[in-house]
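Undergrad: coords please:
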Amino acid sequence: MNQLRPDTRPLYMLVIDRIKEMSASGEWPPGTRLPSEFELAKMFGVSRATLREALRVLEEEGAVVRRHGIGTFIAERSLVQAGIEQLFSVTEWIERAGRTPGTTGFSIGEVEAGKEDQEAFGLKGPESLYLIHRIRTADDDPVVYCEDRVPKSVLPDGLDGFDGSIFNHLEAAGRPITYARTVIKPIAHHPEVFPALDVKEGQALLLLEQMHFDASDSPVLLSANYFRTDTFHFHVFRRRPKE
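TA: Residues are numbered from 1 along each chain as shown. Model prediction:
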């Protein structure tokens, strides 16, 4: 019998506590699909409105993940909440969430800049780009797939001594990043990235495409970062303009 005992706190908070207890005890381990809203409301002896409020808060906390048309699941990874008003590297985002960053699947190559790359970087003619692929981890969980492009002219000394942080390497080369222009896109499928991040059917990724600029307003880094939506939640502070 899981019905909640009387308590001075709002009922939805008691539902939150009970779901967390059942997850921590192993009754509902990470990845478990929860019963329907009707069944949960009956189980805890609350209204569906109360149950929905509890699930909303749990989703915001990253304790559960809702998959449209499929159901609600106990989250398999702790949540990294990140504001996008300030420009942080993936490493910094992970560290600020209290988790340990790491890198796997690391590779560096060179490609010729295509027409789109030439226009994006303002290149006057054919030029080679460094192409860097990495899978970023948080506490050893693969959470972000990164693809970075940097013109060789930006790093004339190459990538010797590269420690995995392109931000740090550009700063050491005298081209520190000061701001970025970002485009955010939902990604429902990607034949390479989904398997690399162990993304399951019904989940999605969030793609942040960013052109980074140095202090002289020159574009120096084009990145495509694919974030697991069950691990990263982005938010932005918005204010109404003054009249």
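
Undergrad: show me where the protein has its strands.
TA: Taking DSSP state E as the test, the strands found in the chain are 64-67, 71-74, 80-83, 101-112, 128-138, 141-151, 177-187, 205-214, 219-228, 232-235.

Undergrad: adding mean pLDDT, write these out as JSON lines.
TA: Formatted as JSON lines, the strands of the chain follow (pLDDT from 0 to 100):
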{"stretch": "strand 64-67", "mean pLDDT": "84"}
{"stretch": "strand 71-74", "mean pLDDT": "90"}
{"stretch": "strand 80-83", "mean pLDDT": "76"}
{"stretch": "strand 101-112", "mean pLDDT": "92"}
{"stretch": "strand 128-138", "mean pLDDT": "94"}
{"stretch": "strand 141-151", "mean pLDDT": "95"}
{"stretch": "strand 177-187", "mean pLDDT": "95"}
{"stretch": "strand 205-214", "mean pLDDT": "96"}
{"stretch": "strand 219-228", "mean pLDDT": "96"}
{"stretch": "strand 232-235", "mean pLDDT": "81"}
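
Undergrad: got the ones you listed as a markdown table, with mean neighbour count and distance to F162 columns?
TA: (C-beta placed from N, C-alpha, C; glycine too.) A markdown table is the format used below for the strands of the chain (neighbours: other Cβ atoms under 10 Å; distance: least, Cβ to Cβ, whole Å):
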| stretch | mean neighbour count | distance to F162 |
| --- | --- | --- |
| strand 64-67 | 19 | 34 |
| strand 71-74 | 18 | 37 |
| strand 80-83 | 17 | 24 |
| strand 101-112 | 13 | 7 |
| strand 128-138 | 19 | 8 |
| strand 141-151 | 21 | 11 |
| strand 177-187 | 13 | 15 |
| strand 205-214 | 19 | 16 |
| strand 219-228 | 21 | 13 |
| strand 232-235 | 16 | 24 |
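
Undergrad: in TSV: those, plus distance to P30.
TA: Formatted as TSV, the strands of the chain follow (distance: least, Cβ to Cβ, whole Å):
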stretch	distance to P30
strand 64-67	10
strand 71-74	5
strand 80-83	16
strand 101-112	20
strand 128-138	15
strand 141-151	11
strand 177-187	23
strand 205-214	19
strand 219-228	14
strand 232-235	17
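
Undergrad: those: which one's closest to G161?
TA: strand 101-112 (12.3 Å; Cβ to Cβ).

Undergrad: now for the closest one, which elements pack on it?
TA: Packing partners of strand 101-112 (3 or more Cβ pairs under 8 Å, 6 or more residues apart in numbering; DSSP states H and E): helix 90-96, strand 128-138.

Undergrad: closest one to E112 among these?
TA: Here strand 128-138 is closest among these (Cβ to Cβ), at 6.0 Å.

Undergrad: partners of that closest one in the sheet?
TA: Strand 128-138 has its sheet partners listed here by DSSP bridges as strand 101-112 (antiparallel), strand 141-151 (antiparallel).
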